[in-house]
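Engineer: Predicted model and sequence below, questions to follow.
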Amino acid sequence: MKRHSEITKASRRASGDNPEQEPSRPITSVPSIRSAVRFACGALAALGLVAACLFAQEAASGAGLSQDTGSRQDAAASPLKGGASARRTDANAQAVARGRYVALAADCAACHTDPQGGRLFAGGYALQTPFGKLVASNITMDKATGIGAWTEQEFTRAVREGKGRHGENLYPAMPYNAYVKISDQDMRDLWAYMRTIEPVEHKVVSNQLPFPFNIRLLMSGWNLLFFDQTPFTPIDGQSAEVNRGAYLVQGLGHCAVCHTPKNFLGGDKAGAFLQGGDLGGWHAPEITSNAYTGIGSWSSPQIVQYLKTGSNPLTVAAGPMAEVVTDSTQHMTDSDLTAIASYLKTLPGSSHTRPAPLREDDAQMRLGARVYAANCAACHARGGEGIAGIASRFPGNPGIHAPSTASLLTTVLLGGRGAVTGNNPTSGAMPAFAWKLSDEQIAAVLTYLRNHWGNAAPAVSAQQVADARKRTGSRSQLQVSPPASVK
């Protein structure tokens, strides 16, 4: 909520209004653009492909910018005109308001806000990848350490093409392969808004990768294979609402970064758009019309409610998705959220189907029932119905059916907190159970959740829990020594 407040106040100052007053919520302009391919680099290309894998795979959001507008209509370069007062004079109030909305929909603050001081867009958020660390850049109007000396064309090129100010490749941890779809109008408005951001002197070294992955030229190979620069194209035969949803999902929302499975090089798997993927210890579930592992059984109002409040009668957002709701989707207009829901309902689902459930008299199921009754039923209820807005419902929950148990394991081991929204300012929280439950007990209770109340999904093994415990750095189960005998 703090980030949203900072964004709000910046745009209100730019338009000459009282920043403490609640602004009206503007609506961004409709579709228009997508991405293109770069060049390959001979022997370095192969290494580039490997290097690129992590950055696209490990980041759930972004950290950079993208596309040259020379070939785009009406995105003329305009040099920055000096200090804050000049920016406020030049920026059209309506364009700034629309640009603020674009920034919220694209969730720019999630990566680019300083995690230490909370300074809006000052950078410093670390993206950990198996190849090393990338740090989100300073995108305030500071001329020395931010983008204050950039032109509009340079900014647009970075956001939509993944090219830095001097032509260097950015890493796809920043989703320029999605932002390439942002329309010319939205880019102009975003730039108008960015020019109102107060300069923050904060030097950030973004590329902290070890050799050879710190060689940006290697990204040319990844771009050649996976960076499609086709502009956003409206879907023939679909309504304006569905096409608005497609624009938001494919472009500004960059939903595929998490929700589309990746190949071994970190590129999107062909034919599996938004069919679920693992990322950073979490599973971003399928969000297609598949009724078993996707959201095909959800109504459009339930999808809107989830994106607006962080929960609906079926589930509660957790992990990275809770952050997306808090920082981005709760601030979007109801019409845009409805458009997103309408588009998602049109998407073909995966081939995942419901298997036969485990028998209730299975030994692991019996242990799981006991663990659930002792540790879970107080919040999630004996019937698994949960508590609205606080604890997820389990029967018929597609997240429980997911082929990957990554999110379930991470949540049980580490605990978690739901989205903090205007409708639910305190949210709900779940304690960590790593200290209390053994690998066998966690495997059993998750197997029970996945095969009780009409659910059906593969069992979870104790080895899967042990692997997740190691991956997440979770503590071991607390061992209590028997008291020494009294002599």
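Structural biologist: Yep, it's here. The structure presented is a predicted model; accordingly, all values stated were derived computationally and were not measured.
Engineer: Low-confidence regions, the stretch 51-200 of the chain specifically.
Structural biologist: 51-91, 129-130 (pLDDT under 70).
Engineer: any idea where the helices of it begin and end?
Structural biologist: Here the stretch 51-200 of the chain has its helices, by DSSP state H, counting those that start in this stretch, at 84-90, 93-105, 108-112, 152-161, 176-179, 184-194.
Engineer: Compute the inter-axis angle for the longest one and helix 184-194.
Structural biologist: What that stands for is helix 93-105. 100 degrees (axes from the mean of the first three to the mean of the last three CA atoms, to 10 degrees).
Engineer: So which elements touch helix 93-105?
Structural biologist: helix 2-14, helix 184-194 (3 or more CB pairs under 8 Å, 6 or more residues apart in numbering; DSSP states H and E). All C-beta atoms are positioned from the backbone trio N, CA, C, and that covers glycine.
Engineer: Just the CA atoms of that helix, as CSV, please.
Structural biologist: Output in CSV follows, covering the C-alpha atoms of helix 93-105 (Å, rounded to 0.1, in the frame of the first residue of the first chain):
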residue,chain,number,x,y,z
ALA,A,93,-1.7,16.2,-16.1
GLN,A,94,-3.9,13.6,-17.9
ALA,A,95,-0.9,11.9,-19.5
VAL,A,96,0.8,11.7,-16.1
ALA,A,97,-2.3,10.2,-14.5
ARG,A,98,-2.5,7.6,-17.3
GLY,A,99,1.2,6.9,-17.0
ARG,A,100,0.9,6.3,-13.3
TYR,A,101,-1.8,3.7,-14.1
VAL,A,102,0.5,2.1,-16.7
ALA,A,103,3.2,1.9,-14.0
LEU,A,104,0.8,0.2,-11.6
ALA,A,105,-0.5,-2.2,-14.1
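Engineer: mind listing what's buried in that helix?
Structural biologist: Neighbour-count burial for helix 93-105 flags 93, 95-105 (criterion: 16 or more other CB atoms under 10 Å).
Engineer: Tabulate these (TSV), appending distance to residue 123.
Structural biologist: Formatted as TSV, these follow (distance: CB to CB, whole Å):
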residue	distance to residue 123
93	27
95	24
96	21
97	24
98	24
99	19
100	19
101	22
102	19
103	15
104	18
105	20
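Engineer: Can you show me the strands along the stretch 251-400 of the chain?
Structural biologist: 277-279, 282-284 (DSSP state E, counting those that start in this stretch).
Engineer: Equivalent analysis for the stretch 101-250 of the chain, please.
Structural biologist: 126-129, 132-135, 207-208.
Engineer: Need these in TSV (columns: distance to residue 315 and mean neighbour count).
Structural biologist: TSV is the format used below for the strands of the stretch 101-250 of the chain (distance: least, CB to CB, whole Å; neighbours: other CB atoms under 10 Å):
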stretch	distance to residue 315	mean neighbour count
strand 126-129	27	18
strand 132-135	31	19
strand 207-208	36	14
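Engineer: What about the residue nearest to residue 251 when sequence neighbours are not counted, how many residues nearby?
Structural biologist: Spatial nearest neighbour of residue 251, chain neighbours left out: residue 181 (3.3 Å); criterion: CB to CB, 6 or more residues apart in numbering. Neighbourhood size, residue 181 [other CB atoms under 10 Å]: 28.
Engineer: what do you get for residue 198?
Structural biologist: Residue 198: 17 neighbours (other CB under 10 Å).
Engineer: before we move on, what about residue 426?
Structural biologist: 10.
Engineer: Then the one 10 residues further on?
Structural biologist: Other residues lying near residue 436 total 14 when counted by other CB under 10 Å.
Engineer: surely it meets residue 375?
Structural biologist: Yes. Contact between residue 436 and residue 375 holds when scored by CB atoms under 8 Å: they sit 7.4 Å apart.
Engineer: With residue 444 as the reference, measure out to residue 283.
Structural biologist: Distance, residue 283 to residue 444, by CB to CB, to the nearest Å: 20 Å.
Engineer: Between these two, tell me which one has more neighbours.
Structural biologist: residue 444 (27 against 22).
Engineer: elements contacting the helix or strand harbouring the more buried one?
Structural biologist: Secondary structure from DSSP states H and E places residue 444 in helix 439-451. Helices and strands touching helix 439-451, by 3+ CB pairs under 8 Å, 6+ apart, are helix 363-375, helix 398-401, helix 406-414, helix 462-472.
Engineer: Could you dump those helices into TSV with mean neighbour count, distance to residue 142 and mean pLDDT added?
Structural biologist: Output for the helices and strands packed on helix 439-451, formatted as TSV (neighbours: other CB atoms under 10 Å; distance: least, CB to CB, whole Å; pLDDT from 0 to 100):
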stretch	mean neighbour count	distance to residue 142	mean pLDDT
helix 363-375	17	50	98
helix 398-401	23	42	95
helix 406-414	22	36	97
helix 462-472	16	36	96
